[in-house]
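Asker: I would like to see how this sequence folds:
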Amino acid sequence: MSLSQAQKKAFRSIGHHLNPVVTVSENGVSENLLAELSRALNDHELIKVKLALPERDDRAAMLNELIADSNAELVQTIGKMALLYRRNPKVNPKLSNITRFENHHGRH
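Answerer: Predicted coordinates for the structure are as follows:
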């Protein structure tokens, strides 16, 4: 499943207001990190991940590993932040960032 440009634009607008819920450090990808990433994606569908690695190439490799392991889709990366999306058909509307901010579209 690939996201359309319109979906990515809407998700970027929502993601701008989110705080990172998962931080990846130089310790790499662990079972606990993947479990937390999966839980966050199940609950919120759209999440921001902080990649606390100094080298750009290391961040890109880590991000590719996270995307592959979590079956998420990359919406956007800016610096050390990445916006990931994974659809959950049984999501709780009160937790889903997509549902909570669907009418937001960047307006305050």
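Asker: what comes up buried for the worst-scoring helix or strand of the chain on mean pLDDT?
Answerer: Lowest on mean pLDDT, DSSP states H and E among the helices and strands of the chain sits helix 97-100, with a mean of 90. Within helix 97-100, the residues scored as buried using 16 or more other C-beta atoms under 10 Å are 97, 98. Where you see a C-beta, it was placed from the backbone N, CA and C, and this is true even at glycine.
Asker: before we move on, what about stretch 19-38?
Answerer: 20, 21, 22, 24, 33, 37, 38.
Asker: what is the mean pLDDT for it?
Answerer: Averaged over stretch 19-38, pLDDT sits at 92.
Asker: quick one, phi/psi of the spatially most central residue of the chain?
Answerer: Nearest to the mean C-alpha position of the chain, counting by C-alpha atoms, centre = their mean, stands residue 84 at 2.4 Å. Phi and psi for residue 84, reported as degrees, to the nearest 10, are phi -120, psi 150.
Asker: low-confidence ranges, this protein, go.
Answerer: 1, 104-108 (pLDDT under 70).
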